[in-house]
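In: Let's see this in three dimensions:
(chains A and B)
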Amino acid sequence: MTTFVLFLTVLLACAVEAVEALTIVLAAGTSRHWGSAWQGTVAALLSLAVTVAVLGPAVGQIPLGALRLLVGALLLVFGLQWLRKAVMRGSGYKALHDETQAYADEVAAASGAAQGGRGRVKDWYAFTLSFKGVFLEGLEVAFIVVTFGDNQHDIPVAVLGAVVAVAIVTVAGFAVRAPLARVPENTMKFVVGTMLTAFGVFWATEGAGANWPGSDAALLVIVPAVALLALGYTSVLRRARTAGTLGTAHSTEGSLT
Amino acid sequence: MSVVARAVSALRSFGRFWYDFVVGDDWRVAVGVAVALAATWGLTRSGVNAWWLVPIAVALLLGLSLLRVARAARPKT
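Out: I've put the predicted structure just below:
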């Protein structure tokens, strides 16, 4: 994997997580209390930093084979979850993820909750909503950075990719001050799902002790093969839905773009 | 709420968080990946370079998972 591909992969993966986290923070801030939402965000980032600082060195002590097996398996499971949802959306079996709807749902849930503060936090609900969203998505960002960076022995480039992604999404999000509905999320999820699955297959198989023909060059075959597989399933499901041979009860218009 | 009940509730939430985080919507995919990797490890230990096993398992697991979703969407008659 070249430095640029590592940077691009981490950037895309982290951008998706950042979009989700920002949607939650915007919802909490707009509907409840900006100060508390920011406090929750900062608290989550600090907790995340401590978590990564504690776990980071421990990850470095794990033998490379075991690390590849563990992170490869996790990437594979994550990647398959993402691909599965992207294919379902692409074929019309699941509504395309609508950030506007997600934002509206968060606002509705936030507005329905009782007001109340504790200590320096004026609105505990806005605080916890932001904390939860940022911490969970941030954990996924940290996971992507550590796994991709450590496996390629280039943590700084992975960190740079994550920082650039978060910065771009944050600036873009606050520039428009609106939910990020215009981001073609399913396309991004499809690409990221493909990358996570492909690297998961590669690392987990190596971690389990097998050797790929062509070593690292095998990735040049695995990545397009996974993409073609997912596109193939999307096409088959779309045709089956149109023909009515499979379920259509919850179907919607699907698209990968 | 007693201390024990609070501890049990916190443990349950902790477990649920990690289950959702790692396993996600379809536990069969996670189990299938674990089985495929264990089989790969077993085969390589016995001298077979089973690099092909995980890609095949991935194709099958993704296909079966999607098939379950599509079938679940079928209108009940």
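In: what is the mean pLDDT for stretch A:21-41?
Out: For stretch A:21-41, mean pLDDT is 77.
In: all helices of the chain, in order?
Out: In the absence of a named chain, chain A is used. For chain A, the helices defined by DSSP state H cover A:3-31, A:34-61, A:64-91, A:99-112, A:124-151, A:155-176, A:185-207, A:219-243.
In: could you do chain B instead?
Out: Going by DSSP H, chain B shows helices at B:3-22, B:27-45, B:53-72.
In: what does the first one contact?
Out: With C-beta atoms under 8 Å, 6 or more residues apart in numbering or on different chains as the contact definition, helix B:3-22 has outside contacts at A:L74, A:V77, A:L136, A:L139, B:M1, B:A30. The way it works is simple: take the backbone N, C-alpha and C, and place the C-beta from them, glycine included.
In: repeat that for 7 Å
Out: Helix B:3-22 is touched from outside by A:L74, A:V77, with contacts defined as C-beta atoms under 7 Å, 6 or more residues apart in numbering or on different chains.
In: Over to stretch B:29-45?
Out: Under C-beta under 7 Å, 6+ apart, the answer for stretch B:29-45 is A:69, A:73, A:76-77, A:80, A:204-205, A:208-210, B:23, B:50, B:53-54, B:57, B:61, B:65.
In: now those: which count as buried?
Out: Buried members of these, scored by 16 or more other C-beta atoms under 10 Å in any protein chain shown, are A:69, A:73, A:76-77, A:80, A:204-205, A:208-210, B:50, B:53-54, B:57, B:61, B:65.
In: For A:L129, state which of these is nearest.
Out: A:V77 (26.8 Å; C-beta to C-beta).
In: Tally up the residues packed near the residue lying closest to the closest one once chain neighbours are set aside, please.
Out: Spatial nearest neighbour of A:V77, chain neighbours left out: B:A30 (5.0 Å); criterion: C-beta to C-beta, 6 or more residues apart in numbering or on different chains. Per other C-beta atoms under 10 Å in any protein chain shown, the neighbour tally for B:A30 reads 20.
In: count of residues packed around A:A18?
Out: Look at A:A18: counted by other C-beta under 10 Å, it has 25 neighbours.
In: For it, which residues are in contact?
Out: Residues near A:A18 by C-beta under 7 Å, 6+ apart: A:E137, A:A165, A:V166, A:V169, A:T170.
In: if I look at it, how far off is chain B?
Out: In this view, A:A18 and chain B are 17 Å apart by C-beta to the nearest C-beta, to the nearest Å.
In: what's the closest non-adjacent residue to that residue?
Out: A:V169 (3.8 Å).
In: ok, so what distance separates that neighbour from A:V163?
Out: Distance from A:V169 to A:V163, counting by C-beta to C-beta, to the nearest Å: 11 Å.
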